[in-house]
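>>> Provided below are the primary sequence and the corresponding predicted coordinates.
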Number of protein chains: 2
Amino acid sequence: MAKALREPKDTSAQAIARLREAGLRPTRQRVELAGVLFQSGDRHVTAESLHDEVAQTGVKVSLATVYNTLHQFTEAGLLRQVIVDASRSYFDTNTGDHQHFFVEKEGLLIDIPGESIAVAGVPAPPAGLSVDRVDVVVRVRRN
Amino acid sequence: MAKALREPKDTSAQAIARLREAGLRPTRQRVELAGVLFQSGDRHVTAESLHDEVAQTGVKVSLATVYNTLHQFTEAGLLRQVIVDASRSYFDTNTGDHQHFFVEKEGLLIDIPGESIAVAGVPAPPAGLSVDRVDVVVRVRRN
DNA sequence: TCAACGAATTAGAACAATTCTAAACTGTGA
DNA sequence: TCACAGTTTAGAATTGTTCTAATTCGTTGA
């Protein structure tokens, strides 16, 4: 029961711990962004959407800082960048092995667990190249 | 033997036929772009790269027209847009079933034949959504 | 507790890719 | 050949993102 009702302080403490582990100084802005990003389950955000969301909590964080932070979190392995749209970048709090459905019209990403999906028959890359990772995007639309 | 040496006029004629079939008026610019795009085998271009390439043949086509044309060709099914990079769009003259290697550092795309690769275990999309297509990007890097 | 210093944040400018606008031009059918 | 809808174009505008230089903040050592 106690576990279900987390106090804000709890969330901050978790965020701070997470940042410290990642070697990032826990500034007010980073703690706030980490709180928003990681307190609920897996999330997909864009710089803009995260900026708006944080703004609504009353905390003031500049867009430049949102961009900086998203990149730092990504480098630190806390986020993963997802490329599905030519016009904007998405960031995913789920850094594990998984893929995505993408509803283009709505800019909506939905996770596909890594266990359920498999890519077979990827040829060896041309000489001198080695595989970094395999991304699958299942493009879907509303019917 | 005759087949190996195509005259420019031949290329144009092919391009014009292709445009007519697609329901596009064969203007000087479209014929030129179609010529560059379709006379050699499968190609991957960006708006910028195609614009540069055409410029070097001496024909003057504005960048706006290159963008317009790439989109029209895509709508007409002559090209396919490939989304692999957050900062620019690629267009592929191979519209058949296939996937890609992508060398991020160099912006280089390499086709993977559709027959060789298979994606298994894609779950049914959430209610109300249907699958449009499945894109696989094998991100590789120079070792 | 505080000073000091390097790290982080910020507003706004700058940038790159792409799209828009409205004016000039060009295929095409009659 | 004419007329008109469709096309092209230069340049402005837009959008997402990155950069810059000045300010502010977090941490460490005294």
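Sure thing, it's come through.
>>> from DNA strand C, how far off is the most far-flung residue of chain A relative to its centre?
Ranked by distance from the centre of chain A (CA atoms, centre = their mean), the top residue is residue A:127, with 32.8 Å. With the distance defined as CB to the nearest atom of the strand, to the nearest Å, residue A:127 ends up 28 Å from DNA strand C. For glycine as for every other residue, the C-beta is placed from the backbone atoms N, C-alpha and C.
>>> contacts only, for the residue nearest the centre of chain A.
For chain A, the residue sitting closest to the mean C-alpha position, by CA atoms, centre = their mean, is residue A:92 at 2.2 Å. By CB atoms under 8 Å, 6 or more residues apart in numbering or on different chains, the contact list for residue A:92 reads A:42, A:43, A:44, A:79, A:80, A:81, A:82, A:109, A:111.
>>> tell me the buried residues in the helix or strand bottoming out on mean pLDDT in chain A?
Lowest by mean pLDDT, DSSP states H and E among the helices and strands of chain A is helix A:8-21, with a mean of 84. By neighbour count on 16 or more other CB atoms under 10 Å in any protein chain shown, the buried set for helix A:8-21 is A:11, A:12, A:14, A:15, A:16, A:18, A:19.
>>> show me where chain A has its strands.
For chain A, applying DSSP state E gives strands covering A:44-45, A:80-82, A:90-92, A:98-103, A:108-113, A:118-120, A:129-142.
>>> quote the end-to-end distance of stretch A:119-135.
End-to-end distance for stretch A:119-135, by CA to CA, to the nearest Å: 9 Å.
>>> ok, back up a step: what's across from the residue nearest to the centre of chain A in the sheet?
Beta-bridge partners for residue A:92, by DSSP bridges, are residue A:44, residue A:80.
>>> quick revisit: need the contact partners of the least confident helix or strand of chain A.
Applying CB under 8 Å, 6+ apart, the set of residues contacting helix A:8-21 is A:25, A:26, A:30, A:31, A:32, A:34, A:35, A:38, A:39, A:78.
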